[in-house]
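[1] Sequence first, predicted coordinates after that:
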Amino acid sequence: MFEYKILKRSKVSKARIGVFSTPHGEIETPVFMPVGTVGAVKTMSPADLKGVGATIILANTYHLYLRPGDETISKLGYLHGFERWDYPILTDSGGYQIFSLSAKGRQSEEDLERLVPVSERGVEFRSHLDGSKHFITPEKAIAIQENLGADIIMALDVCLPSGLSKQKVRSSVQRTHRWLKRSIVAKKKKNQVLFPICQGGIFRELREESARFINNLDLPGNAIGGVSVGEGKKDIYAVASWCADILSEKKPRYLMGIGYPEDIVEVVRRGIDMFDCVLPTRLARHGVAWIKTNRSARRLKPLDYGYESKDLLKSKSRSSEKPLDISCDCYTCKNRFSLSYISHLIREREPLGIHLLTIHNLRFVFRLIEDIKSSIRAGKY
């Protein structure tokens, strides 16, 4: 279990195709992981997810700990039995949500420290549901994820927003490293694997220091966090490159929170193997579809096409009998649900409209991954 085999390396970039083995099946990389925050990818059944090409999904420790509770999920067959998903699952540690949801409205570093008190022991936060107070330690984050039963679990990290001082970021990186050591000791289950998280903001020195630290621990995979908290795309790509250059080639590299098509294309070229994002499903809930096109300025180099974001609430979609994308093989497009019909459903707030768009957006991402793999095999990526 948890062996990573590289099947094909690019000759023109750091991209590669690999397979990561887990108790619930093999994951071919590069791979996109749809986000099922509270135990479900919004509007999607397990069969729907397999239909679009998903081989692994993500669930959120913070939300599931608060409701329905990790002990409840443990008693009901862990996440796999609870969700009726028989394939790999990854759970994050909850660190990102603890800091992002608890620190809304912060104006300064002092506000952050007041809203999310962090100590060597752990972090205190208030539930976004009812304001109740909670305290999570690295050990508790592991225990919660062991109850959830995911194949891949994450170590609790200090995930700070962008724009903080180098001194503050350095201190948080060092604490993340100390928490990681405690997480390794706390982990008991053999059928789960722990990924550490590289932090360091946009400071190259800190990122490389963190990457070397977690690399030396020789865990089965490595993650890169803190790149979707306000940084620009150039900074995200730079961080991915700095970390991937240090993190072992023999382990899968997971860049957390990445989902824009152009970002996926860029980070795979830099040696990233795994990524997740709520964006495809979130856009669907707002009536926006990703459409493959040769006319768009959003070119997905080195692939031979681009894409556009089509807002189905715009007037041009109201009377169109065309499907979303004639080149797409998803359920929505194959069955020629018209732009007019889907636009109507979204306007009427009918769940079917969101469901049809979610299927399409996720399939767009998985088709993109398939195209990237084909390009790697052809020696063009």
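    Arrived safely. Numbers count the residues shown, from 1 in each chain.
[2] Report the rounded mean pLDDT for stretch 136-146.
    Averaged across stretch 136-146, the pLDDT comes to 98.
[3] gap between that stretch and the chain center?
    Chain-centre distance of stretch 136-146: 20 Å, with Cα atoms, centre = their mean, to the nearest Å.
[4] Over to stretch 315-323?
    Worked out by Cα atoms, centre = their mean, stretch 315-323 lies 32 Å from the chain centre.
[5] Residues touching it, excluding its own?
    310-311, 332-333, 336-340, 342-344 (Cβ atoms under 8 Å, 6 or more residues apart in numbering). C-betas here are computed from N, CA, C, even on glycine.
[6] The nearest residue to residue 200 once chain neighbours are set aside: helix or strand, and which one exactly?
    In space, residue 200 comes closest to residue 206 once its chain neighbours are excluded; the distance is 3.3 Å by Cβ to Cβ, 6 or more residues apart in numbering. According to DSSP states H and E, residue 206 maps onto helix 204-216.
[7] returning to what we had before: what is the most widely separated pair among the contacts of stretch 315-323?
    311 and 336 (20.3 Å; Cβ to Cβ).
[8] who has more neighbours, those two?
    For residue 311 versus residue 336, the count of surrounding residues by other Cβ atoms under 10 Å is larger for residue 311: 15 against 12.
[9] Quick check: the more buried one touching residue 287?
    Yes: with contact defined as Cβ atoms under 8 Å, residue 311 and residue 287 form a contacting pair (6.2 Å).
[10] Spell out which residues are contacts of both of these two.
    Here residue 311 and residue 287 have no joint contacts, going by Cβ under 8 Å, 6+ apart.
[11] Can you classify residue 98 by secondary structure?
    Of the three states, residue 98 takes helix under DSSP: H, G, I helix; E, B strand; the rest coil.
[12] where does the spatially closest residue to it that is not a sequence neighbour land in three-state SS?
    Using Cβ to Cβ, 6+ apart and skipping the chain neighbours, the partner closest in space to residue 98 is residue 125 (4.8 Å). Following three-state DSSP, residue 125 is assigned to strand.
[13] So the residue nearest the centre of the chain, which state does it fall into?
    Central residue check for the chain by Cα atoms, centre = their mean: the C-alpha nearest the mean position is that of residue 276, 2.0 Å away. Assigned with three-state DSSP, residue 276 falls in the strand class.
[14] mind checking how far the residue of the chain most remote from its centre is from residue 339?
    Note on the chain: the largest C-alpha distance from the chain mean falls to residue 319, namely 35.7 Å (Cα atoms, centre = their mean). To residue 339, residue 319 is 9 Å away according to Cβ to Cβ, to the nearest Å.
[15] for residue 31, same thing?
    Computed as Cβ to Cβ, the residue 31 to residue 339 distance reads 30 Å.
[16] repeat for residue 258
    For residue 258, the distance to residue 339 - Cβ to Cβ - is 28 Å.
[17] before we move on, the earlier item: who's more crowded, residue 31 and residue 339?
    The residue with more neighbours, out of residue 31 and residue 339, is residue 31; 23 against 20, by other Cβ under 10 Å.
[18] show me what contacts that one?
    Residue 31 neighbours (Cβ under 8 Å, 6+ apart): 55-56, 273-275, 369.
[19] Could you tell me how many residues sit around residue 262?
    Neighbour tally, residue 262, other Cβ under 10 Å: 15.
[20] Contacts for the helix or strand encompassing it, please.
    Following DSSP H and E, one finds residue 262 within helix 261-269. For helix 261-269, contacts defined as Cβ under 8 Å, 6+ apart pick out 10, 13-15, 30, 32, 233, 236-237, 240, 255, 258, 275, 290, 298, 300-301, 303, 307, 364-365, 368-369, 372, 381.
[21] Then stretch 116-123?
    Contacts of stretch 116-123 (Cβ under 8 Å, 6+ apart): 95, 98-99, 102-103, 124-125, 135-138, 140, 156, 158, 172, 175, 178.
[22] among those residues, which ones are buried?
    95, 98-99, 102-103, 124-125, 136-138, 140, 156, 158, 172, 175 (16 or more other Cβ atoms under 10 Å).
[23] taking those residues one by one, which sit in strands?
    124-125, 136 (DSSP state E).
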